[in-house]
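What follows is a predicted structure for the sequence shown.
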Amino acid sequence: MSVHRPILWQLLKHPRSVALVDDRRTTRNFELLVAIAHIGQRLETLNQTQRLGLLLPTGGTFPAAALAGMSLGRTIVPLNYLLKKEELQYVIDDCGTDTVVTVRPMLEHLGYAPKVKNILMLEDVDFSGFPDFRWPAPAADDDLAVLLYTSGTSGKPKGVMLTHGNLSANIQQIRDWVDFSRADSMLGVLPQFHSFGMTVLTFLPLSGGIRVIYTARFVPGKIVRLLREHRPTVLVAIPSMYNALLHAKDATADDFRTLRYTVSGGEPLPSTVREKFRERFGVTINEGYGLTETSPVSNWCRPHEFRPGSVGKPIPLVDQRIVDSNGRSLPPNTDGEVWMKGPNIMKGYYNLPEDTARAFSPNGYFRTGDIGRFDDDGHLHITGRLKEMLIVGGENVFPREIEEVLDRHPSVHASGVVGMNDPMRGELPIAFVEIREGQSFDEKELIAWCRQSLAGYKVPTEIRRLDALPRNPTGKIMRRELRSLAAKS
């Protein structure tokens, strides 16, 4: 099924309902439909390639342009405006688009215009009246809907090919798993160039008539004001955002009282953040799990199933297993790599057949590269990344376990652990920490703190202070940069 067809039907069925609110305006369904038609009409004369680049801030312009492109049968390429100039140009060149849709404030923010044949400024589109726009036939399940480039934490970004079938399936899987209705509303604080923000906070709510409140920049005080003003029932964010909200001085439990679902994804949620959020605001943050390659949601821990550290059971139609290095399934409470199958799994990596082949097992399971385990009730717990695992004197050590201990120390705001080569023991863990404002850094005290909770071989041999841990645009720690810092000892 086409991703855009159910959304367009929803807009036509309830024309006067509010579709979204962003930093600039409130947009009703019929207004979004008109905007889609106008943008589509302009794109018909410009965009001659199969790909269409979108360089847009979080808000209503993204779904309008995305749905216009999809209505023309184009593959959407959301562009990460937080990338460096060379990285952004690499993505544009790699996908082969001839047209980028953007707005002037975005180019002013970047300080340059991407090198591409056509740049469509939405300010130049006349949105008056309703144009004579010919809506095309539905797309097939296997047709490419979106090309999403990974954040490039190691090497060049790879284009993840998501089909109409992948995205439509994931939207329906989520709706079958979670009881959303038109009475719900979402607060959207994630960038729409990311799979999480695109699927969960854009296509999912529009297909179900769920109102979304967007803001282009995450500012804790503003998020609190939006919670008070709009009283959303769903908040989806990443761990660093929840951590920042804990430091919003005027936030109260009442600001969060209308939330039915408070969901964290993108990376593991530190236990300290979860516990402090519940203590201060009376809100339990439930984790979800997925990857760009899984459209992205594969697991969602529902409120009535909460258990600390769990990302929940697999959502409907996801076949998930934990395997050893030989691909053999492991019993509950045993760590191994997470493999999965399902209609939401990507078609492959764009123009990278060897990488695509490596990403799947001989029997068709997607190899996530994540380490996890199922508990006795079938709830998944993510414990680390296969590539991040350290081997210290023959023992497996996962950075997250050390980071959880460090993050519990009163002086530590956040931490990141990587391995440093050692001729005797193979690798040794080295930690980097951000220190809380007003607190002092004491390496010996932090090492002693780790010794209280960790086996000796897991205790960092060195802890260094950083003003800020290197993070990618979605808040994940850039371990590649930490490894470079560790090498400069």
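Great, that's in hand. Numbers count the residues shown, from 1 in each chain.

Output the contacting helices and strands for the lowest-mean-pLDDT helix or strand in the chain.
Taking mean pLDDT, DSSP states H and E as the measure, the chain has strand 395-397 as its least confident helix or strand, at a mean of 81. Counting contacts by 3 or more C-beta pairs under 8 Å, 6 or more residues apart in numbering; DSSP states H and E, strand 395-397 packs against strand 390-392. Where C-beta positions appear, they are placed from N, C-alpha and C, glycine not excepted.

Could you rerun that using 6 Å?
Using 3 or more C-beta pairs under 6 Å, 6 or more residues apart in numbering; DSSP states H and E, no helix or strand is in contact with strand 395-397.

Now do the contacts for Ala66.
For Ala66, the contact set (C-beta atoms under 6 Å, 6 or more residues apart in numbering) comprises Ile76.

Wait, a helix at it?
Yes. Assessed by DSSP: H, G, I helix; E, B strand; the rest coil, Ala66 belongs to a helix.

any idea how far it is from Met161?
Ala66 sits 16 Å away from Met161, going by C-beta to C-beta, to the nearest Å.

Kindly report the same for Gln320.
From Gln320 to Met161 the distance is 21 Å (C-beta to C-beta).

What degree of burial does the closest residue to Gly364 other than its chain neighbours show, as a neighbour count?
Leaving aside its chain neighbours, Gly364 sits nearest to Lys341 (6.1 Å; criterion: C-beta to C-beta, 6 or more residues apart in numbering). Other residues near Lys341 number 17, with proximity taken as other C-beta atoms under 10 Å.

Just list whatever residues bridge to Lys341.
When assigned by DSSP bridges, Lys341 has beta-bridge partners Asp319.

right, and it touches Thr368 too?
No. The pair Lys341 / Thr368 is not scored as a contact, 11.5 Å apart, by C-beta atoms under 6 Å.

coming back round to it: what's the distance between the residue nearest to Gly364 and Thr163?
Separation of Lys341 from Thr163 (C-beta to C-beta): 15 Å.

Give the buried residues for the one helix or strand Ala145 maps to.
Element membership for Ala145 (DSSP states H and E) is strand 144-149. Going by neighbour count (16 or more other C-beta atoms under 10 Å), the buried part of strand 144-149 is Leu144, Ala145, Val146, Leu147, Leu148, Tyr149.

gap between the closest residue to Gly327 other than its chain neighbours and Arg367?
Counting by C-beta to C-beta, 6+ apart, the nearest residue to Gly327 once its immediate chain neighbours are dropped is Ser361, at 5.8 Å. Per C-beta to C-beta, Ser361 is found 6 Å from Arg367.

Check Ala113 too.
Taking C-beta to C-beta, one finds Ala113 at 39 Å from Arg367.

between the two, which one's more packed in?
Arg367 (17 against 12).

Mind checking what helix or strand follows the strand or helix carrying the more buried one in sequence?
If you go by DSSP H and E, Arg367 is part of strand 366-374. Using DSSP H and E, the next helix or strand after strand 366-374 towards the C-terminus is strand 380-385.

send the alpha carbons of that next one over as CSV?
Backbone C-alpha positions of strand 380-385 (Å, rounded to 0.1, in the frame of the first residue of the first chain) are rendered in CSV as follows:
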residue,chain,number,x,y,z
LEU,A,380,13.9,-7.4,24.9
HIS,A,381,16.8,-5.7,26.8
ILE,A,382,19.5,-4.1,24.6
THR,A,383,22.9,-4.4,26.3
GLY,A,384,25.3,-3.0,23.7
ARG,A,385,26.6,-2.9,20.2
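
any idea how far the residue lying closest to Leu12 once chain neighbours are set aside is from Arg471?
Spatial nearest neighbour of Leu12, excluding adjacent residues (C-beta to C-beta, 6+ apart): Leu33 at 6.8 Å. Distance, Leu33 to Arg471, by C-beta to C-beta: 37 Å.
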